[in-house]
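Chemist: any chance you can model this:
(one chain, ligands or ions: 2)
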Amino acid sequence: MKPYIYIMTLTLFFFSCTSMEEAKVTSPDKKITVQAGEENGRIYYSISKNNTPVLDKSFLGFTFKTNNFENVHISKVIHSSFSETWEQVWGEEITVDNTYNQMIVSVEESEGLKRKFDIVFRVFDDGIGFRYEFPAQENMKEFTIIDENTEFNFTEAHKSWSIPYGANYYEALYEPKPLNRIDTVSTPLTIETENGLFLAVHEANLTDYASMNLTPQNGTSKLKVYLTPWSTGEKVFMKTPGVTPWRTIIIAGSLGDLLLSRLMLNLNESNRINDTSWIKTGRYIGIWWGMHMEKYTWTTGPKHGAITANVKRYIDFAAKHGFSGVLVEGWNTGWENNWTVEGDKFSFTTAYPDFDLEEVTRYAASKGVSLIGHHETGGATLNYESQMDSAFALYNKYGVSVVKTGYVSPLLDGKERNSSQYGVRHYRKVIETAAKYKIMIDNHEPVMPTGLQRTYPNLMTQEGVRGQEWDAWSTDGGNPPEHTTIIPFTRGLAGPMDFTPGTFLFENPVFPDTRVWTTLAKQLALSVVIYSPQKTAYEMIENYENNPAFEFITSCPTNWSETVVPDAKIGEYVTIARKDRESRNWFIGSITNAEARTLNLGFAFLENGVKYKAKIFRDGKDAHYKTNPYPIEIEEMEITSETNLTIPQAPGGGTAIMLIHPNT
Ligand code: NOJ
Ligand code: CA
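Modeler: Numbers count the residues shown, from 1 in each chain. Ligands and ions are numbered 1, 2, ... in the order given. Okay, the predicted model is just below:
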């Protein structure tokens with residue numbers, strides 16, 4: 001991994017003004033304008049792009065448990081600008097440009113306690129972020145937020161994609177609906193406007209606050225923040241000085257620009273881990289799908305998957321095929337308690353007697369493979385927190401550097417929602433503690449990601465999506481083919497997704513009506529389309545052996561220096577091309593929904609004049625996600641930046657291409 005350089009260029013200048021007419025700030029390219037003002041003792045803002053409104057007058061503010069702010073006014077406005085480029089430790093590209101114009105609107109109570117806060121707006125070329133900042137002050141020390149009243153007053157009932165608030169762990173299907181017909185939804189909320197803009201409302205740097213959800217007001221397209229509450233109904237306990245997360249709106253002219261916006265990462269704090277040499281992307285297999293397919297059990301017994309001999313078999317396979325890790329679920333005691341919080345007795349340091357941690361990790365190391373650890377908490381965070389240090393220390397001692405965590409329970413500790421301030425505090429503690437022990441995290445059943453991986457790049461990947469595990473056991477049949485053409489533009493905007501593609505066997509002996517609804521070629525394409533720096537090839541290893549399509553899985557990198565989006569339409573198709581960080585090779589994934597399609601692909605992103613050796617994995621004759629998922633054709637040819645290809649895609653199908661540079 002290259003050394004991490006977090007600031008390459010930096011410019012900063014300030015100027016100040018007090019005239020209220022000038023409570024206005026534009027993006028560096030002058031296309032986006034944010035205006036703030038006061039009306040009847042309340043503060044509002046509005047946004048336009050190219051002089052066309054994006055948000056009409058939208059009010060800001062809070063309801064506190066006691067001592068609400070009554071009449072407020074703008075006391076001061078300060079403008080400044082900032083520009084830097086910084087490098088991602090890992091990611092979809094290396095360099096990120098962070099250039100914005102900032103406006104701090106200082107607000108003060110007009111009478112009484114004269115308490116104050118600031119609203120900080122940052123306007124980038126690809127959208128805006130704003131947050132509330134409460135400075136230390138005599139008349140405001142501790143306070144409780146009952147509601148955040150921030151509004152997003154959209155000009156029309158645009159088309160949008162979202163999942164309902166309260167869907168367990170965000171594992172739900174994104175639905176297209178006009179804005180005025182949504183219920184309370186989680187963010188990211190993705191919007192397509194009639195005049196060709198793609199917008200996404202979300203948040204950045206959620207650190208000690210509740211997650212943001214959005215509710216339309218009285219059937220209109222005016223959305224208001226709904227914070228996930230504590231079980232007692234309060235939303236957030238805060239102290240001064242304190243800040244809220246950033247409220248973010250990406251404003252993009254194309255789906256590609258939406259997907260490539262790094263606005264949310266820019267609004268997180270820079271890397272706090274000095275030595276990042278232990279943070280590495282990777283690809284792993286696991287004793288995992290076997291449990292979901294009921295071939296193995298998590299708990300010890302006659303069908304126990306995590307037994308030393310079976311794990312060694314997986315380690316041998318990993319070593320042979322160049323996987324960096326082997327995930328082992330069900331290694332520790334407690335699974336026999338059926339994951340109930342009351343009966344939770346998960347130990348994170350005691351192995352079942354048929355799993356020898358010391359021997360397995362010794363064997364793995366001798367083969368150049370790492371064990372990927374597993375901590376399923378059953379949502380019992382107090383039990384987990386009491387063992388966390390010793391659990392991470394144990395793994396660290398045995399050379400385990402990636403741990404998958406899980407929280408299968410609709411409420412944490414039988415009480416609090418995972419997206420509440422309670423949950424947010426817990427997940428943050430896990431990341432920070434893991435960093436102390438040089439452990440990378442893959443968080444299942446997380447709080448929705450908000451870009452924290454910029455600050456803690458050991459937070460590698462997260463679930464928080466209806467992943468491919470649903471195709472094992474969901475009684476509604478599994479994920480429909482369009483699902484994967486939507487999530488890159490919704491949940492995917494929040495950060496890497498541990499979606500776990502890679503099935504090679506489509507029959508499901510346990511739930512015959514439930515299945516992975518794709519072709520084999522689409523499974524390969526998903527490993528490019530869905531970005532995750534720690535990537536699972538989740539199939540049981542016996543189903544990979546001797547299948548020529550497996551070459552794509554073992555060749556596809558996990559860290560990229562460049563990403564482009566040649567073509568996409570939400571819910572229909574998406575094509576993504578990525579350049580490997582370690583070589584000059586490119587990998588392309590293209591997928592379609594239930595419709596057959598013809599992929600027309602140009603290669604203008606390749607180096608001019610270079611002849612790449614291409615291997616194309618495409619749907620074979622009569623392939624169909626429902627009736628015939630297996631046919632695949634593998635074709636080799638030479639490709640240059642001038643080439644144009646026309647490739648048929650089956651219903652529920654896809655195409656995966658690797659392009660090997662001659663000087664690799
Ligand atoms: C749910 C996770 O998403 C899945 O990957 C894991 O196997 C189970 N919980 C058990 O921890
Ligand atoms: Ca899950």
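Chemist: how much space separates Leu260 from ligand 1?
Modeler: For Leu260, the distance to ligand 1 (Cβ to the nearest ligand atom, to the nearest Å) stands at 28 Å. Placement of C-beta: from N, CA and C, glycine included.
Chemist: you'd agree that residue is up against Trp560?
Modeler: No - the pair Leu260 / Trp560 is not scored as a contact, 11.6 Å apart, by Cβ atoms under 8 Å.
Chemist: quickly list what's touching both of those two.
Modeler: By the contact definition Cβ atoms under 8 Å, 6 or more residues apart in numbering, Leu260 and Trp560 are jointly contacted by 92-93.
Chemist: who's more crowded, these two?
Modeler: Neighbours per residue (other Cβ atoms under 10 Å) separate Leu260 from Trp560, with Trp560 holding more: 24 against 17.
Chemist: what sits opposite the more buried one in the beta ladder?
Modeler: Asp580 (DSSP bridges).
Chemist: any idea of the pLDDT on it?
Modeler: Confidence at Trp560, expressed as pLDDT, is 98.
Chemist: quick check: it touching Arg581?
Modeler: Yes - with contact defined as Cβ under 8 Å, Trp560 counts as touching Arg581 (5.8 Å).
Chemist: which residue is nearest the centroid of the protein?
Modeler: The residue lying closest to the centre of the chain (Cα atoms, centre = their mean) is Gly495, at 2.5 Å.
Chemist: that one contacts Pro457, correct?
Modeler: No - between Gly495 and Pro457 there is no contact under Cβ under 8 Å: 11.6 Å.
Chemist: what parts of the stretch 251-400 of the chain come near ligand 1?
Modeler: 288, 329, 376 (Cβ under 6 Å from any ligand atom).
Chemist: save those as TSV, and put in neighbour count too.
Modeler: Output for these, formatted as TSV (neighbours: other Cβ atoms under 10 Å):
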residue	neighbour count
Trp288	28
Glu329	23
Glu376	24
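Chemist: got a markdown table for the residues you listed, with distance to Thr664, pLDDT and secondary structure too?
Modeler: Compiled in a markdown table, those are given as follows (distance: Cβ to Cβ, whole Å; pLDDT from 0 to 100; DSSP: H, G, I helix; E, B strand; the rest coil):
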| residue | distance to Thr664 | pLDDT | secondary structure |
| --- | --- | --- | --- |
| Trp288 | 32 | 96 | coil |
| Glu329 | 36 | 97 | coil |
| Glu376 | 40 | 96 | strand |
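Chemist: can you tell me which of these comes closest to ligand 1?
Modeler: Closest approach to ligand 1 among these (Cβ to the nearest ligand atom): Glu376, at 3.7 Å.
Chemist: for the closest one, give the beta-bridge partners.
Modeler: Gly406.
Chemist: I'd say it and Val328 touch.
Modeler: No - judged on Cβ under 8 Å, Glu376 makes no contact with Val328 at a distance of 11.8 Å.
Chemist: let's verify Gly219: helix, strand, or coil?
Modeler: coil (DSSP: H, G, I helix; E, B strand; the rest coil).
Chemist: residues near it, how many?
Modeler: By other Cβ under 10 Å, neighbour count at Gly219 equals 9.
Chemist: and the stretch 401-550 of the chain, which of its residues are near ligand 1?
Modeler: 406, 408, 444, 463, 469.
Chemist: need the residues you listed in CSV (columns: distance to Asp354).
Modeler: CSV is the format used below for these (distance: Cβ to Cβ, whole Å):
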residue, distance to Asp354
Gly406, 22
Val408, 23
His444, 24
Glu463, 28
Glu469, 25
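Chemist: go through those residues and flag which are in helices.
Modeler: Using DSSP state H, no member of these sits in helices.
Chemist: can you select the buried ones from those residues in PyMOL?
Modeler: The PyMOL command for the buried members of those (criterion: 16 or more other Cβ atoms under 10 Å) is given here:
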select buried, resi 406+444+463+469
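Chemist: could I get the residues of the stretch 401-550 of the chain next to ligand 1 as CSV with pLDDT?
Modeler: Shown next, in CSV, are those (pLDDT from 0 to 100):
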residue, pLDDT
Gly406, 97
Val408, 94
His444, 98
Glu463, 98
Glu469, 96
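Chemist: show me which of the residues of the stretch 401-550 of the chain next to ligand 1 is closest to Gly414.
Modeler: Closest approach between these and Gly414, by Cβ to Cβ: Val408, at 12.9 Å.
Chemist: pull up the gap between that closest one and Arg272, please.
Modeler: 30 Å (Cβ to Cβ, to the nearest Å).
Chemist: also Leu371?
Modeler: In terms of Cβ to Cβ, Leu371 sits 27 Å off from Arg272.
Chemist: looking at those two, which one has more neighbours?
Modeler: Between Leu371 and Arg272, counted using other Cβ under 10 Å, the more crowded position is Leu371 (28 against 11).
Chemist: the more buried one falls within a helix, correct?
Modeler: No - using three-state DSSP, the secondary structure at Leu371 is strand, not a helix.
Chemist: quick check: it touching Val328?
Modeler: Yes - contact criterion Cβ under 8 Å: Leu371 and Val328 qualify, at 6.2 Å.
Chemist: in contact with the closest residue to Val369 other than its chain neighbours: list those residues for me.
Modeler: Excluding the flanking residues, the one nearest Val369 by Cβ to Cβ, 6 or more residues apart in numbering is Ala318, at 4.6 Å. Residues in contact with Ala318 (Cβ under 8 Å, 6+ apart) are 284-285, 324-326, 367, 369.
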